[in-house]
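Novice: Sequence and computational prediction follow.
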Amino acid sequence: MKGRKHTRFAVQIPVTFKGDQLSAGGTILNVSEEGCAITSETVADVAAYVQMMMQLRAGEEPVHVELAAVRWSSATRFGVEFIKIRPEEEDRLKRFVKALESTT
């Protein structure tokens, strides 16, 4: 497994995701600018593609990831790489991650 370019930060963030064969919710366990790990009763298969809505902060609109690729999967968790995200959504995600970085 190759090393990550961006540090992942431990979080507990609500998320909903949907793909061709699934639609479910879960919790993001860690997040970076390029991806995250999700725990859920419904786990996406490796190589699947999903759309995601991440509730980064209470009271704010969720960040919408238009396309994410599932890179690994286990019984209750899976990891995704963000592939397509609108620039304004990406800016919100980057600001959130920078805030996490400053608290560690």
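Specialist: Yes, it's here.

Novice: Out of the helices and strands in the chain, which is least certain?
Specialist: helix 87-102 (a mean of 95; mean pLDDT, DSSP states H and E).

Novice: Work out for me the element the residue sitting nearest the centre point of the chain sits within.
Specialist: With distances taken as C-alpha atoms, centre = their mean, the residue of the chain nearest its centroid is Cys36 (4.0 Å). Secondary structure assigned from DSSP states H and E places Cys36 in strand 35-39.

Novice: Quick one: mean pLDDT for that strand?
Specialist: The average pLDDT for strand 35-39 rounds to 98.

Novice: Can I get it in CSV, CA atoms only?
Specialist: Presented in CSV, the C-alpha positions along strand 35-39 are these (Å, rounded to 0.1, in the frame of the first residue of the first chain):
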residue,chain,number,x,y,z
GLY,A,35,-10.3,10.8,1.2
CYS,A,36,-11.8,9.3,4.3
ALA,A,37,-12.6,6.0,6.1
ILE,A,38,-16.3,5.2,6.8
THR,A,39,-17.9,2.8,9.1
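
Novice: so what does that strand touch, helix or strand wise?
Specialist: strand 9-18, strand 23-31, strand 77-84 (3 or more C-beta pairs under 8 Å, 6 or more residues apart in numbering; DSSP states H and E). Just so you know, the C-beta spots here come from the backbone N, C-alpha and C atoms, and that holds for glycine as well.

Novice: a markdown table please, covering those strands and showing distance to Pro62 and mean pLDDT.
Specialist: Shown next, in a markdown table, are these (distance: least, C-beta to C-beta, whole Å; pLDDT from 0 to 100):
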| stretch | distance to Pro62 | mean pLDDT |
| --- | --- | --- |
| strand 9-18 | 8 | 97 |
| strand 23-31 | 11 | 97 |
| strand 77-84 | 14 | 97 |
